[in-house]
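Peer 1: model the following, please.
(3 chains)
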Amino acid sequence: MTRHFVDWRQLPLSDWTACLERAQVHASARERLDQRAAGRALGMVFFNPSLRTRASMELAAAELGARCLTLNPGQGTWSFEWRDGAVMDGAFVEHVRDAFGVLSSYVDAIGVRVFASLKNYAEDRDEAVFSALLRASRVPLINLESAFWHPCQALADGLALQQQFGAQCQQKKFVLAWCYHPKALPMAVPNSALTTAARMGFDITVLRPEGFDLDAQVMDYSRELAHAQGGSLRISSDRDASLAGANVVYAKAWGGVGAYDDPAREQAAREAQRSWRLSTRDLALGDDPYFMHCLPVRRNVEVDDAVIDAPRSLTQAQAMNRLHAQKAILEWVWQL
Amino acid sequence: MTRHFVDWRQLPLSDWTACLERAQVHASARERLDQRAAGRALGMVFFNPSLRTRASMELAAAELGARCLTLNPGQGTWSFEWRDGAVMDGAFVEHVRDAFGVLSSYVDAIGVRVFASLKNYAEDRDEAVFSALLRASRVPLINLESAFWHPCQALADGLALQQQFGAQCQQKKFVLAWCYHPKALPMAVPNSALTTAARMGFDITVLRPEGFDLDAQVMDYSRELAHAQGGSLRISSDRDASLAGANVVYAKAWGGVGAYDDPAREQAAREAQRSWRLSTRDLALGDDPYFMHCLPVRRNVEVDDAVIDAPRSLTQAQAMNRLHAQKAILEWVWQL
Amino acid sequence: MTRHFVDWRQLPLSDWTACLERAQVHASARERLDQRAAGRALGMVFFNPSLRTRASMELAAAELGARCLTLNPGQGTWSFEWRDGAVMDGAFVEHVRDAFGVLSSYVDAIGVRVFASLKNYAEDRDEAVFSALLRASRVPLINLESAFWHPCQALADGLALQQQFGAQCQQKKFVLAWCYHPKALPMAVPNSALTTAARMGFDITVLRPEGFDLDAQVMDYSRELAHAQGGSLRISSDRDASLAGANVVYAKAWGGVGAYDDPAREQAAREAQRSWRLSTRDLALGDDPYFMHCLPVRRNVEVDDAVIDAPRSLTQAQAMNRLHAQKAILEWVWQL
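Peer 2: Coordinates of the predicted model:
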């Protein structure tokens, strides 16, 4: 059975716990000359730019003893066809069915980054592109951020939270705080942060302006998950009330309603919310809260310098944890 | 004596046979932790995009124990001067004489991909660019597809044929079938497939529309080679007659007469042949033929999905064989 | 104490001597399977294109046993914000404060190439961008060419000079000869070549047309350094007098006065000096001089083919020495 690593929702909670434990082991003592994956090769295909993910994954593989092969199709832009049955007389020169079949011959797992199209909501929500890759690949795929999910970030964030609160976070208040950004960004990271907090039992508030809700299915899933773990989930547009007493503020920008079907309307709605920039005044409303952001962050646009650079900021810890988390994921995928 | 690997025509047939045998050994048992090339370094310079070649060559080197250094000059486009005596006051910032001299100091062999210019036929046919690189390099060069030849693909294809038919293919019918493509493509792959089939003694038909002949010198060379190996070579534009009884159908698109000196005329001639798309009906005319294509392939434009995905399709085997073939080539170049 | 490697002026002369000795050891016997840096990782961030530096540094690290991680932000163009306090609502998606902080978690040293902006002279002279990177990084930074300095090239050039003249070069005449180039180039290489020659005690002439002086602070520093080492420094626009008796001619193009604040004027002044192309006739004025150039060189524009390809040309030796010099630098940085 090929162990694809695409979306935490597809795996039992025990796999999350086991990976989190292994990530903690790696965080406690970074072994750099492990040879358990010697002879194996990890391919990585980045259809979109990457800094942290590429760097941490290349090192994670190397420190386990594996080789890494990194490809940037079309120099960072999409240049593969993925739709079954397509008549390929346009810009795409190769179908993922062929390309990922071939890569499956060469390597033992393929990490893939392919962001949301922001064109077709149903396709993004259903991970239509990633699903096509899964059909084409004969080796495990590892999701390095897809249309709706960023499970590597989720595990790294979970580790950062566990490092501060332990594994159980009931009665702790987690605020996922929408921020203004000049572009309509995908929802992979907020979706992942939300479900991570739910999985750990936080009392969660999604703080966003009207018109910037996350996907209803993701919200329903997260609410059920939170309840099952002794937590809760609510939605609010009241900044002061939401931030009051917060133990964690996770800042993130994402596109609003209309981003897919009426970009001009979405942009106008977003521009009207330029004041949603996280400041030290906002943080001071909380209970000496930790600040989280997946990076990259537009400083003084999404979040003020003083917040990012404060002692309670976990941004650097989150990034460091990417390395540890991804070692755990490679161990899981390869059953090391 | 530096062992450049540029063009199979320059090597005795015994070297082909020896490399094919070694490739078969690698195909039979993929050794991933070989150390015979430990300490050596392979440089690779891609003036054009690559997926299979880059991935398979990086792994081939690594699995032999060598290091690999991959460069993409000008991000995939040509940005070196190669003409001797050029006054470099234009776009080119470095001459290959300097660049390949320098790389010769660092690495033990240099793989190079540099496609046909499609501007100057005589220069392409005579491999003018590659010849300049040979003059500049003090270490072996390995051709990763040049203007007229793709010898790595040739060996991988030869291995795929041998895996199905054994080393001798007399009385077997090999059809090199031209396909429509929206662009005028270079002839490196059809030239290489043709001479590979000739070397193995097939009865070959080059099936193409009028005006899409391959180079006359390459045809003459291949005809003589085929005859010497007990095979034959003919040209036809009759699809049904050519495909009848075929044991192998190798599909490939290439530009026609005029691609170099009258692109508009060539394009018009090509567009008139959109019906030259290979289908299961075409394949059914043969003797349960194997289907081959070097990839990438424009599905449902060059060839129908059903042909590529059929059990008799060797496309994935050809790609897998790239790894094995290139290990054999590195062994030959480095005399391991 | 983090050992950043940014600018030779900041280090005692004894460090230069020690690195030069180690580089000579590496040049004498290239060890390719050294394991003293096993487990370490070198990150490299190229904001500008590179051939020699990237290739030689990847191999230098690998031959010491270290891993190498190479990043090209924005595909070779600047895409990070570096100014403290910037409001990032423009093109930059990440601040170096975050990016280099994160990389510091993953790797043990970061090599950085970031050319002069040619926009703000004071910022370039004061290495404003590199200084921002130094503030952001928690691991040693290695300068792979910054706005004003190219210390890796300096050490490789010093090694090439020592290989010809020994460590002491008093009474030997070194001419830094400005050449015409179609673009206004930065001064990092001429600054570095100048101070290298000063450090070795040459009698130096900076030969350039009026209006193409190097930075006054760099000239003052180099003059004092040359005097302290028993050498001298003068400026001239008289080609024949300057080249007469030369033992070394180091050719290099750089932008003139006005490159920062009046590019049109600078260009006009530069175009008027197209005759400043180094020829064999020029070299014949010297005392059988060695020719040096850091490469890439625009042949027959900056320098004639016959000069670059002559037996006394050290261009290939300089490039080869990059590998040896950078091993010495990695040893120094990591205290191996």
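Peer 1: all strands for chain A, in order.
Peer 2: Using DSSP state E, the strands of chain A run over residues A:41-46, A:67-71, A:80-81, A:94-95, A:109-113, A:141-143, A:173-178, A:203-207, A:232-236, A:248-252, A:290-292.
Peer 1: out of the ones you listed, which gets nearest to chain B?
Peer 2: Checking those against chain B by Cβ to the nearest Cβ gives strand A:94-95 as the closest, at 3.5 Å. Placement of C-beta: from N, CA and C, glycine included.
Peer 1: ok, now which ones touch A:Gln168?
Peer 2: Applying Cβ atoms under 8 Å, 6 or more residues apart in numbering or on different chains to A:Gln168 gives the contacts A:Met200, A:Gly201, A:Gly230.
Peer 1: closest one of those to A:Leu20?
Peer 2: For those, the residue nearest A:Leu20 by Cβ to Cβ is A:Met200; the value is 9.3 Å.
Peer 1: and the closest one, how close does it get to chain B?
Peer 2: In this view, A:Met200 and chain B are 39 Å apart by Cβ to the nearest Cβ, to the nearest Å.
Peer 1: and the contacts of the lowest-mean-pLDDT helix or strand in chain A?
Peer 2: Scoring the helices and strands of chain A by mean pLDDT, DSSP states H and E places strand A:80-81 at the bottom, with a mean of 92. By Cβ under 8 Å, 6+ apart, the residues outside strand A:80-81 that reach it are A:Phe47, A:Pro73, A:Met88, A:Phe92, A:Glu94, A:His95, A:Val96, A:Ala99, B:Arg299.
Peer 1: on that earlier part again, tabulate the contacts of A:Gln168 in JSON lines, adding columns for distance to A:Tyr250, neighbour count and pLDDT.
Peer 2: Converted to JSON lines, the contacts of A:Gln168 look like this (distance: Cβ to Cβ, whole Å; neighbours: other Cβ atoms under 10 Å in any protein chain shown; pLDDT from 0 to 100):
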{"residue": "A:Met200", "distance to A:Tyr250": "12", "neighbour count": "27", "pLDDT": "97"}
{"residue": "A:Gly201", "distance to A:Tyr250": "15", "neighbour count": "23", "pLDDT": "97"}
{"residue": "A:Gly230", "distance to A:Tyr250": "19", "neighbour count": "14", "pLDDT": "97"}
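Peer 1: I figured A:Asn191 hits A:Asp215, correct?
Peer 2: Yes - A:Asn191 is in contact with A:Asp215 according to Cβ atoms under 8 Å; the separation is 7.0 Å.
Peer 1: quick one: which of those two has more around it?
Peer 2: A:Asn191 (28 against 17; other Cβ atoms under 10 Å in any protein chain shown).
Peer 1: please, where are all the helices along the stretch 51-200 of chain A?
Peer 2: Taking DSSP state H, counting those that start in this stretch as the test, the helices found in the stretch 51-200 of chain A are A:52-63, A:96-106, A:121-125, A:128-136, A:151-165, A:188-199.
Peer 1: most tightly surrounded among those?
Peer 2: Mean neighbour count (mean count of other Cβ atoms under 10 Å in any protein chain shown) peaks for helix A:188-199 among the helices of the stretch 51-200 of chain A, with a mean of 26.
Peer 1: quick check: angle from that one to strand A:173-178?
Peer 2: 170 degrees (axes from the mean of the first three to the mean of the last three Cα atoms, to 10 degrees).
Peer 1: so what does helix A:188-199 touch, helix or strand wise?
Peer 2: On a contact count with 3 or more Cβ pairs under 8 Å, 6 or more residues apart in numbering or on different chains; DSSP states H and E, helix A:188-199 meets helix A:151-165, strand A:173-178, strand A:203-207, helix A:216-228, strand A:248-252.
Peer 1: nearest to chain C, of the ones you listed?
Peer 2: Of all the helices and strands packed on helix A:188-199, it is helix A:151-165 that lies closest to chain C, at 11.5 Å by Cβ to the nearest Cβ.
Peer 1: right, is that closest one up against chain C?
Peer 2: No - interface with chain C: helix A:151-165 contributes nothing (Cβ under 8 Å from any Cβ of the partner chain), its closest point being 11.5 Å away.
Peer 1: related to what we said a few turns ago, could I get the helices of the stretch 51-200 of chain A as CSV with distance to A:Asp240 and mean pLDDT?
Peer 2: Conversion of the helices of the stretch 51-200 of chain A to CSV gives the following (distance: least, Cβ to Cβ, whole Å; pLDDT from 0 to 100):
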stretch, distance to A:Asp240, mean pLDDT
helix A:52-63, 32, 97
helix A:96-106, 48, 96
helix A:121-125, 32, 96
helix A:128-136, 39, 96
helix A:151-165, 24, 98
helix A:188-199, 21, 98
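Peer 1: for C:Ala325, find the nearest of these.
Peer 2: helix A:52-63 (25.5 Å).
Peer 1: report all helices and strands that the closest one contacts.
Peer 2: Other helices and strands packing on helix A:52-63, by 3+ Cβ pairs under 8 Å, 6+ apart, are strand A:41-46, strand A:67-71, helix A:315-334, strand C:41-46, strand C:67-71, helix C:96-106.
Peer 1: okay, those in JSON lines with distance to C:Asp84 next?
Peer 2: Formatted as JSON lines, these follow (distance: least, Cβ to Cβ, whole Å):
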{"stretch": "strand A:41-46", "distance to C:Asp84": "30"}
{"stretch": "strand A:67-71", "distance to C:Asp84": "32"}
{"stretch": "helix A:315-334", "distance to C:Asp84": "17"}
{"stretch": "strand C:41-46", "distance to C:Asp84": "19"}
{"stretch": "strand C:67-71", "distance to C:Asp84": "22"}
{"stretch": "helix C:96-106", "distance to C:Asp84": "8"}
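Peer 1: list the neighbouring strands of the least confident helix or strand of chain A plus their orientation.
Peer 2: Here strand A:80-81 has these sheet partners by DSSP bridges: strand A:94-95 (parallel).
Peer 1: in the stretch 1-150 of chain A, what residue comes closest to chain C?
Peer 2: Counting by Cβ to the nearest Cβ, the stretch 1-150 of chain A gets nearest to chain C through A:Arg32 (3.9 Å).
Peer 1: that residue: what's its closest spatial neighbour, skipping adjacent residues?
Peer 2: Excluding its sequence neighbours, the residue lying closest to A:Arg32 (Cβ to Cβ, 6 or more residues apart in numbering or on different chains) is C:Gly39, at 3.9 Å.
Peer 1: pretty sure the one you found contacts A:Asp34?
Peer 2: No - assessed by Cβ under 8 Å, C:Gly39 is found out of contact with A:Asp34, at 10.0 Å.
Peer 1: so A:Gly43 touches A:Ser105, yeah?
Peer 2: No - using Cβ under 8 Å, A:Gly43 is not in contact with A:Ser105; the gap is 10.5 Å.
Peer 1: count the neighbours of the closest residue to chain C within the stretch 151-300 of chain A for me.
Peer 2: Using Cβ to the nearest Cβ, the closest approach of the stretch 151-300 of chain A to chain C is made by A:Pro296 at 3.5 Å. Neighbourhood size, A:Pro296 [other Cβ under 10 Å]: 20.
Peer 1: can you report how many residues lie near A:Arg281?
Peer 2: With other Cβ under 10 Å as criterion, A:Arg281 counts 12.
Peer 1: ok, it to A:Leu243 distance?
Peer 2: Taking Cβ to Cβ, to the nearest Å as the measure, A:Arg281 falls 10 Å from A:Leu243.
Peer 1: ok, now A:Trp334?
Peer 2: 42 Å.
Peer 1: cool, and A:Leu185?
Peer 2: Distance from A:Leu185 to A:Leu243, by Cβ to Cβ: 21 Å.
Peer 1: what do you get for A:Thr280?
Peer 2: 12 Å.
Peer 1: thanks a lot, catch you later.
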